[in-house]
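In: below are the sequence and a predicted model; questions follow.
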Amino acid sequence: MEGEFTVAASNSPAYSPAYTVPGMTEAEGGEVIERLRLRLHALNDLALTLKHVHWNVVGPHFIAVHEMLDPQVDSVRAMVDATAERIATLGGSPAGTPGALTAERTWEDYSVGRADAIAHLGALDGVYSGIIEDHRAAVAATDGVDPVTQDLLIEHLRSLELFQWFVRAHLESAGGTLGTGAARGETVVGRVAVQQASRQS
């Protein structure tokens, strides 16, 4: 019924909460909330994508990848919860619905279905690169204005970068070369990883 539900704020830099934490203005709080809003979407998307890969990976490396991903899912879900709670602490309303995620995200949906482990790992390397780059940009943007949020994002990065290393270990040659090289985009990176792996075998 009309008036029963409050609509979450749109993804707009003009959003300002009615209150925020002491020591920050409502405008500053609103700015941080909007940065966290996309981080929340990215982390929710990552958790779903990791689970999708967990279900759809096939081939000789199946069990190693299948079992590697569930702890990553659990850790990313904890990041989601911490991010949503930080948004609420700052006076915002965390948007956790699938509709909000798909309407506001700035990236395409993960496109690899049932596929060999190397194809998925190559694609995941690209996914992690995008999330880590955007998290680092949010760390830089919160410097000075909100050290608590910055600390939260840095803590996320410790795990996200570690998880990318786990993924990249499957793509790296004995000589230390990353099979995906400078490729960008999850579909392209996945394809390059498969081509490189077939050359090495």
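Out: Looks like it arrived, so ask away.
In: buried residues in the longest helix seen in the chain?
Out: Ranked by residue count under DSSP state H, the longest helix found in the chain is helix 26-56. Residues 28-54 are the ones in helix 26-56 that count as buried (16 or more other C-beta atoms under 10 Å). To be clear about C-beta, it is placed using only N, CA and C from the backbone, and glycine gets the same treatment.
In: next one: stretch 146-165
Out: 146, 149-150, 152-153, 156-157, 160, 163-164.
In: how about stretch 70-81?
Out: By neighbour count on 16+ other C-beta under 10 Å, the buried set for stretch 70-81 is 72-73, 75-77, 79-80.
In: could the residues you listed go into CSV alongside secondary structure and pLDDT?
Out: Shown next, in CSV, are those (DSSP: H, G, I helix; E, B strand; the rest coil; pLDDT from 0 to 100):
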residue, secondary structure, pLDDT
Q72, helix, 98
V73, helix, 98
S75, helix, 98
V76, helix, 98
R77, helix, 98
M79, helix, 98
V80, helix, 98
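In: make JSON lines out of the residues you listed and add distance to L124.
Out: What follows is these, written out as JSON lines (distance: C-beta to C-beta, whole Å):
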{"residue": "Q72", "distance to L124": "9"}
{"residue": "V73", "distance to L124": "12"}
{"residue": "S75", "distance to L124": "14"}
{"residue": "V76", "distance to L124": "12"}
{"residue": "R77", "distance to L124": "17"}
{"residue": "M79", "distance to L124": "16"}
{"residue": "V80", "distance to L124": "18"}
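In: of those, closest to E172?
Out: Nearest to E172 among the buried residues of stretch 70-81 is Q72, at 18.0 Å by C-beta to C-beta.
In: list the contacts for that closest one?
Out: 50, 163, 166 (C-beta atoms under 8 Å, 6 or more residues apart in numbering).
In: element containing the residue nearest to the last one when sequence neighbours are not counted, please.
Out: Computed as C-beta to C-beta, 6 or more residues apart in numbering, the closest residue to F166 that is not its neighbour in sequence is M68, at 6.1 Å. With elements taken from DSSP states H and E, the one containing M68 is helix 62-89.
In: tell me the helix or strand right after that helix.
Out: Assigned by DSSP H and E, the successor of helix 62-89 is helix 98-104.
In: that next one: which residues count as buried?
Out: Neighbour counts over helix 98-104 (16+ other C-beta under 10 Å) mark 100-101 as buried.
In: so what strands line up beside the helix or strand just after it?
Out: The helix or strand immediately downstream of helix 98-104 is strand 115-116, counting by DSSP H and E. Note on strand 115-116: by DSSP bridges, its sheet partners are strand 57-58 (parallel).
In: please compute how far the partner strand lies from its chain's middle.
Out: 21 Å (C-alpha atoms, centre = their mean, to the nearest Å).
In: contacting residues around that strand?
Out: 65-66, 114-117, 120.
In: what about 10 Å?
Out: 63-66, 68-69, 112, 114-121, 124 (C-beta atoms under 10 Å, 6 or more residues apart in numbering).
In: could you give the angle of the helix holding M68 to helix 26-56?
Out: 160 degrees (axes from the mean of the first three to the mean of the last three C-alpha atoms, to 10 degrees).
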